[in-house]
Structure formats: C-alpha cells, structure tokens
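Student: Next one to model:
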Amino acid sequence: MQFVAPEVSANIFASPRRLAVQIPAVVNVQPDQKIVRKGPSVAAGLKDGQPTAALAGFARSCGVDVAQLTTLHDGKQEVYAFETVKTGEALSAVLADIVALALKKLPVPKLMRWGDSDVQFVRPVHGLMMLWGETVIEGEVLGLKSRNATRGHRFLSSGDVFVEKADDYARVLFEQGKVLASFEARRELIKKRLADAAAVHGATIAADDALLNEVTGLVEWPVVLEASKPNSSKCRRNA
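Tutor: Numbering: from 1, shown residues only. Sure thing, here's the model as predicted:
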C-alpha cells in the first residue's frame, strides 16, 4: 500500500490524551503496481512439448492459460512468469484499515473496554480524525467515525477544536486548545524553563531524564510553578 515515498519522514505527536501522526506528500491514489509471479523453470515446465502438472497448476493459480505466461531470467535460470498490473487503490478506501492495523501493533500490555461496546484499547477513545489536506477521509476505527474536530486541554479549553487542514493540526491545538502536541517540544520546553528557574536562584535540577520523560508524558500544557516556605527566600519549582 504505497501512498508515501520511502524517504518521507513523519511528524509524531503524543500526549496524555492524544496520538497523532502527520505525513507529508501523501498521494490520494496509489500508483498502479506491476506484479510479477514466478513459476517453474522453463526446463521443468514442458515434457514432450506439453505443459507439466507444475506448469499447468501455476497457470491455473494465476487464472490464465499457459499460453498467456511469459518467461524471464531470475538470475539463475529461465522461468515461467505471470505479469499483471494492479490498479492503485484510493486512500479513502484503505486508510481506516491502515490506522486500525497500526493501533493493533502498539506495545500495549493490557487492553480495556468502555461503555457498552466490545471495542478495546489501552484507554477509552473519544475522537478520530483522518485528514488528507482539507478533506476528511471517511472511515471508522475503534467504533468512531472520522471528522475534522478534536478536543483541547481538559481544563484550559472547552468544546471542539476544528482542524481545517492536516498541516494545521499542531498549530490549531496550540493556539485554540492549549495543547503542545509534540512530546519532544514539551520535553524541551520543560527542560528550558526549569533551567531558567535554576539559573535565577543558583540552583541545580535534581530530575534525571527518566523523570523528565515521565512528567512530559503527564502534561499537555507545561507550566513551571514556584513555591516557597513562609518568610523564606528559598523556593522550589516544579513542572
């Protein structure tokens, strides 16, 4: 299912309430694919001028007569082959299945059900967005139908956040939903703000990378808070 050039890299977004991937330069329809099936060798395909059982069976499995087969060299010998062209499928016809398969491959140790459905995932899922440019790709995954809306921060925003174009996903969530969707961006922001706070007070950051990753995975809108004891100039800052 080749919709993207192999060298194209994806932008991955992950937060406590969302998983998303943004892939540039996705075509709407797959290129046609040339399919070549190799069969028995030419030497073993005929006996006394007649097709052997192996050759006849190969042609039958391809849905053609022996006369419609071609021959080619496979690097070692001449073999019979069947060549055909498979018409490319539309993205809209296969995207939901691709997403569902990707979710099943996630390393989730334990699944759960919610509501009255038999759908299972690591936690309840409430929204599905599949966009190709400005077009909503219709489809259903985990019992949800695709649309161009999501939800922002649980407390700092309200109502649906609409994403008109796939390229706008991270920007719209940041501006309207109070969500910094990129895990790496959140991690770097927390790290920088803690470093700035430490510099002001001549302190050092006690958290190691493991704790920093854990905190990054717990928040969607990082804020560094300062707390101090009464009548004390000493303070502690937490993300």
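Student: low-scoring stretches of this protein, by residue?
Tutor: 1-8, 231-239 (pLDDT under 70).
Student: Show me how the record splits it into domains.
Tutor: As given by automatic domain parsing, the domain ranges for the chain are 11-25+106-177, 33-86, 183-238.
Student: As TSV, those domains with distance to residue 98 and mean neighbour count would be great.
Tutor: Yep, even glycine has a C-beta here, placed from its N, CA and C like the rest. What follows is these, written out as TSV (distance: least, CB to CB, whole Å; neighbours: other CB atoms under 10 Å):
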stretch	distance to residue 98	mean neighbour count
domain 11-25+106-177	10	15
domain 33-86	16	13
domain 183-238	22	13
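Student: for those, which one sits closest to residue 95?
Tutor: Of all those, it is domain 11-25+106-177 that lies closest to residue 95, at 5.1 Å by CB to CB.
Student: how long is the closest one from one end to the other?
Tutor: Chord length of domain 11-25+106-177, first to last residue, is 19 Å (CA to CA, to the nearest Å).
Student: counting contacts, what elements does the longest helix along the chain pack onto?
Tutor: Ranked by number of residues, the top helix in the chain under DSSP state H is helix 183-201. The helices and strands touching helix 183-201, judged by 3 or more CB pairs under 8 Å, 6 or more residues apart in numbering; DSSP states H and E, are strand 11-15, helix 209-216, strand 235-238.
Student: possible to save the domains of the chain as a markdown table with distance to residue 94?
Tutor: Below are those laid out as a markdown table (distance: least, CB to CB, whole Å):
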| stretch | distance to residue 94 |
| --- | --- |
| domain 11-25+106-177 | 9 |
| domain 33-86 | 13 |
| domain 183-238 | 28 |
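Student: phi, psi of residue 145?
Tutor: Residue 145 adopts backbone torsions of phi -90, psi 140, taken as degrees, to the nearest 10.
Student: Distance of it relative to residue 93?
Tutor: Distance, residue 145 to residue 93, using CB to CB, to the nearest Å: 16 Å.
Student: now swap in residue 110 and tell me
Tutor: According to CB to CB, residue 110 stands 33 Å off from residue 93.
Student: Contact partners for residue 126?
Tutor: By CB atoms under 8 Å, 6 or more residues apart in numbering, the residues touching residue 126 are 144, 151.
Student: and it, what helix or strand is that in?
Tutor: Using DSSP states H and E, residue 126 falls within no helix or strand.
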